[in-house]
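# dropping the sequence and predicted coords here.
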Amino acid sequence: MNTKLPSAVLFACTLNAIRSPMAAAIMHHHFGHKVYVASAGIAAGDPDPFVGMIMDEIGIDLKKHRPHSFEDLEDSAFDLLITLSPEAKAKADDMSRTMAIETENWAIVDPSQTQGSREQILDSYRQVRDDIVKKVMQRFG
């Protein structure tokens, strides 16, 4: 993988409630002193309470995150757009036709689809978090 850091990275998923804010926060935690990082969704979903809990476990505060859409972004000048859902990949494909932006798709499952006990659901969120940490460090570390 290309380890050269881009100057600006946008993480995108469907509702900007779980995967893309986690990825942006992890990227910012590790590389925010060198890279501008943002996240967006195809639509702005509702805040997910599990995200703040499991991110706290690794020392990253996401409790104040409020989901927002591509239309809410203050800046659209990103070098790299990383999508985390099929819907976001379709949006990235459209954007790459008219903008000079590199795109990558990371297949990350949506933990909100997990059924079971509260602990099983939290474990699913932790797995997604840990997968994102691994991908961020493999791609940029």
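Right, received. Where do you want to start?

# immediately after the worst-scoring helix or strand of the chain on mean pLDDT, which helix or strand?
The helix or strand of the chain with the poorest confidence is helix 86-98; it has a mean of 89 (mean pLDDT, DSSP states H and E). Once the chain leaves helix 86-98, the next helix or strand it forms, by DSSP states H and E, is strand 102-105.

# buried residues, that next one. List them.
Judged by neighbour count using 16 or more other Cβ atoms under 10 Å, the buried positions of strand 102-105 are 103-105. For the C-beta atoms, the positions are set from N, CA and C on the backbone; glycine is no exception.

# Ala24: which of the residues you listed is nearest?
Nearest to Ala24 among those is Glu104, at 14.3 Å by Cβ to Cβ.

# so which of the buried residues of strand 102-105 comes closest to Ser76?
Closest to Ser76, out of all of the buried residues of strand 102-105 and judged by Cβ to Cβ, is Thr103, at 13.7 Å.

# contacting residues for the closest one?
Contacts for Thr103 (Cβ atoms under 8 Å, 6 or more residues apart in numbering) come out as 80-83, 89, 92-93, 95-96.

# now the helices for the chain?
19-31, 49-56, 86-98, 118-140 (DSSP state H).

# out of those, deepest packed?
Greatest average neighbour count among these goes to helix 19-31 (a mean of 24), per mean count of other Cβ atoms under 10 Å.

# export that helix to CSV, keeping only CA atoms.
Extracted C-alpha coordinates of helix 19-31, given in CSV (Å, rounded to 0.1, in the frame of the first residue of the first chain):
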residue,chain,number,x,y,z
ARG,A,19,-18.0,3.7,10.6
SER,A,20,-17.0,7.0,9.0
PRO,A,21,-16.8,9.0,12.3
MET,A,22,-14.8,6.1,13.9
ALA,A,23,-12.4,6.0,11.0
ALA,A,24,-12.0,9.8,10.9
ALA,A,25,-11.4,9.9,14.7
ILE,A,26,-8.9,7.1,14.5
MET,A,27,-7.1,8.7,11.6
HIS,A,28,-7.1,12.1,13.4
HIS,A,29,-5.8,10.5,16.6
HIS,A,30,-2.8,9.0,14.8
PHE,A,31,-2.1,11.4,12.0
